[in-house]
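> fold the following, please.
(one chain, ligands or ions: 1)
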Amino acid sequence: MPYAGLSLEGKVALVTGSARGIGAALAIGLAEAGADVAVSDVPERLEDAATTKERVEALGKKCTIYALDVLDLDNIKSATDQVVEDFGSLNILISNAGIRRPKPSLEVTEADWDLVVDTNLKGVFFCAQAAARHMIAQGGGRIINIASQFSVVARENRAAYCSAKAGVANLTRVLALEWIKHGITVNAIGPGPTVTPGMMAAVPRSAEELERELAEHMPLGRRMEPEELVGAAIYLASPSASATNGHLMIVDGGWTAK
Ligand SMILES: NC(=O)c1ccc[n+]([C@@H]2O[C@H](COP(=O)([O-])OP(=O)(O)OC[C@H]3O[C@@H](n4cnc5c(N)ncnc54)[C@H](O)[C@@H]3O)[C@@H](O)[C@H]2O)c1
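Coordinates of the predicted model:
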């Protein structure tokens, strides 16, 4: 019999950026643990979200797709309110939506900077705020922000991304301090290099370069699969994690251990 402390049965989860990649794997993983799932993404990616929805429904769980652009504060609020109206509650938020625009720092424009920081940091804050307002009214909840190994170590050509992800780690701690009195825990997961459409498109390098990078930085010796992040998310979303608060759980194959 599965350990009941890790069951998400009866819980409702909203996952941002869950049409593909890590978000899709987490949405499906939470459903496997028992949650109903609100899948969300930018309007132009909602067609991809249909696959995530099918996988969740095949597990016998409720799933609805929402257009939720984390750059649009009104949209964050209206979509979150709609989830609560449709599902009756919101117990778990996974703030996963994110982008990368690797570029040498001397070439970064204001528009590049704003896009990456607004999506990866400001969006995380306002999604948490919108969800917390409902969670406080309900008496508690779980917020999980997807950070990065670059929340704690640096990488060339990723000034805005590393700044935003470091910000997510400390934002997580601030919200954890503020909202634990309402029964809300706020934690983060810091993935290492994970095979996703966004990651593969953003890093157009030769096979030799990729191999060299893995040999130099990645003790695991390979890139991770999105499914290797699911257990961490289920734990942080579960009743078992009631005392885990403000934590950045690095799941990076040992990248930051070096
Ligand atoms: N893949 C990795 O190696 C890796 C490593 C560390 C951290 N991360 C983080 O994991 C998260 C998911 O990344 P991924 O690799 O699955 O990327 P991905 O590009 O494959 O998926 C990201 C999803 O976010 C959505 N998104 C982008 N901008 C959005 C917006 N404004 N509003 C709503 N949704 C938006 C995209 O449409 C996409 O579906 C990101 O926060 C990323 O920074 C990824």
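
> give me every residue in the stretch 101-250 of the chain lying close to the ligand.
T119, I146, S148, P191, P193, T194, T196, P197, G198, M199 (C-beta under 6 Å from any ligand atom). To be clear about C-beta, it is placed using only N, CA and C from the backbone, and glycine gets the same treatment.

> now do 8 Å
119-120, 123, 146-150, 161, 165, 190-199, 201-202, 223-224, 226 (C-beta under 8 Å from any ligand atom).

> go ahead and build a PyMOL selection from the buried members of those residues.
Buried members of those, defined by 16 or more other C-beta atoms under 10 Å, are picked up in PyMOL with:
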select buried, resi 119+120+123+146+147+148+149+150+161+165+190+191+192+193+194+196+198+199+223+224+226
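
> which ones are touching the closest residue in space to D36 that isn't next to it in sequence?
Nearest residue to D36 in three dimensions, chain neighbours excluded: K62, at 4.0 Å (C-beta to C-beta, 6 or more residues apart in numbering). With contact taken as C-beta atoms under 8 Å, 6 or more residues apart in numbering, K62 is in contact with D36, V37, V56, F87.

> helices - which of the residues you listed land there?
V56, F87 (DSSP state H).

> secondary structure class for the residue in the stretch 101-250 of the chain positioned nearest to the ligand?
At 1.9 Å from the ligand, G198 is the closest residue in the stretch 101-250 of the chain, using C-beta to the nearest ligand atom. Following DSSP: H, G, I helix; E, B strand; the rest coil, we place G198 in the helix state.

> tell me the confidence at V153?
Note on V153: pLDDT of 98.

> what residues are up against it?
W255, T256.

> again, 7 Å this time
Applying C-beta atoms under 7 Å, 6 or more residues apart in numbering to V153 gives the contacts T256.

> just to revisit the earlier point, just the residues of the stretch 101-250 of the chain next to the ligand: which are in strands?
I146, G190, P191 (DSSP state E).

> what about this structure, any weak spots by pLDDT?
1, 203-205 (pLDDT under 70).

> now do the helices in it.
21-32, 46-58, 73-87, 110-117, 123-138, 159-179, 197-202, 207-217, 230-237.

> which of these is buried the deepest?
Most buried of the helices of the chain, by mean neighbour count (mean count of other C-beta atoms under 10 Å): helix 21-32, with a mean of 26.

> I'd like the distance from it to the chain centre, please.
Here the centre of helix 21-32 is set off from its chain's centre by 10 Å, with C-alpha atoms, centre = their mean, to the nearest Å.

> tell me what it is packed against?
strand 12-15, strand 36-41, helix 46-58, helix 230-237 (3 or more C-beta pairs under 7 Å, 6 or more residues apart in numbering; DSSP states H and E).
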